[in-house]
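K.L.:
Give me coordinates for this.
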Amino acid sequence: MENRKIYDLSVAIYTGMLKWIDDQDVELTQTASIRNGDTYNFSRFTGSSHIGTHIDAPYHFSANGKTVDMLSLHDLMGEALVVQVNANTISADELRKVDLKKYKRILFKTKNSALLKSETFNPEYAALDYSAAELLVKAGVKVVGIDYLSIEAFDTEEHPVHKVLTDNDVIIIETLDLSNVEPGEYFMVALPLKLKGCDGAPARVVLIEPPPRY
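P.N.:
Sure thing, here's the model as predicted:
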């Protein structure tokens with residue numbers, strides 16, 4: 001394991017970071033400092049449950065869905081496929097060549113990877129449409145991730161993509177930094193904070209290169 005490359009897909013959380021347009025600002029403040037004569041360093045953090053790289057639990061859009069502390073760790077760890085999509089809209093047609101029978105964790109790498117480098121929200125990001133979400137559900141996919149703040153287009157009002165995924169217990173991971181990751185198979189570990197009864201939580205998400213096959 002120590003010789004296998006690990007990719008950290010998690011963005012840093014800090015004051016002034018990129019966030020959803022109507023989300024609260026992050027406050028990360030040091031309230032005690034050894035340099036200032038205190039016995040220890042200590043900080044306080046304030047931010048939403050969907051800040052930075054985070055997991056949407058089914059409860060986010062489904063009244064009876066699982067909360068983030070109830071999610072299966074078996075679903076959040078295992079083989080994952082990074083899929084490169086160059087289109088602005090990820091539709092079912094874009095998934096024709098993806099082996100959805102083998103891979104139950106699908107991470108989409110799109111033009112959004114470049115957008116993550118800016119601290120300014122951009123509503124023109126690539127996203128899934130309903131046909132893709134419906135296909136993923138029918139294929140039995142357990143986890144779907146994307147490289148921007150939402151898996152769904154900015155101008156949707158009824159959130160059909162989120163709803164069809166969460167109504168079927170699909171776990172959503174958003175704001176993944178896939179900029180340095182090539183398409184292909186990896187071992188994924190995605191661990192959200194265990195916030196009891198919550199709709200989502202920031203997560204540390206990593207991909208580990210699989211061993212070579214002979």
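K.L.:
how much space between the residue of the chain most remote from its centre and Leu107?
P.N.:
Most distant from the centre of the chain: Gly37, at 39.6 Å, with distances by C-alpha atoms, centre = their mean. Look at Gly37 and Leu107: by C-beta to C-beta, to the nearest Å, they are 46 Å apart. Every residue, glycine included, has its C-beta placed from N, CA and C.
K.L.:
ok, for Trp20, nearest residue in space, not its chain neighbours?
P.N.:
Using C-beta to C-beta, 6 or more residues apart in numbering and skipping residues adjacent in sequence, the residue nearest Trp20 is Leu149, 5.3 Å away.
K.L.:
what about that neighbour, neighbour count?
P.N.:
Using other C-beta atoms under 10 Å, Leu149 is surrounded by 26 other residues.
K.L.:
got the phi/psi numbers for the residue farthest from the centre of the chain?
P.N.:
When quoted as degrees, to the nearest 10, the phi and psi of Gly37 stand at phi 100, psi 0.
K.L.:
do Leu136 as well
P.N.:
Dihedral angles for Leu136 - degrees, to the nearest 10 - are phi -60, psi -40.
K.L.:
For the chain, which segments count as strands?
P.N.:
Along the chain, the segments classed as strands by DSSP state E run 6-8, 27-32, 42-46, 54-56, 77-84, 89-90, 105-109, 127-128, 143-146, 171-174, 184-192, 200-208.
K.L.:
Ok, which of those comes nearest Phe154?
P.N.:
strand 127-128 (7.6 Å; C-beta to C-beta).
K.L.:
and the closest one, what does it pack onto?
P.N.:
With contacts taken as 3 or more C-beta pairs under 8 Å, 6 or more residues apart in numbering; DSSP states H and E, strand 127-128 sits against strand 89-90, strand 143-146.
K.L.:
Identify each buried residue in stretch 63-77, please.
P.N.:
By neighbour count on 16 or more other C-beta atoms under 10 Å, the buried set for stretch 63-77 is Gly65, Thr67, Val68, Leu71, Leu76.
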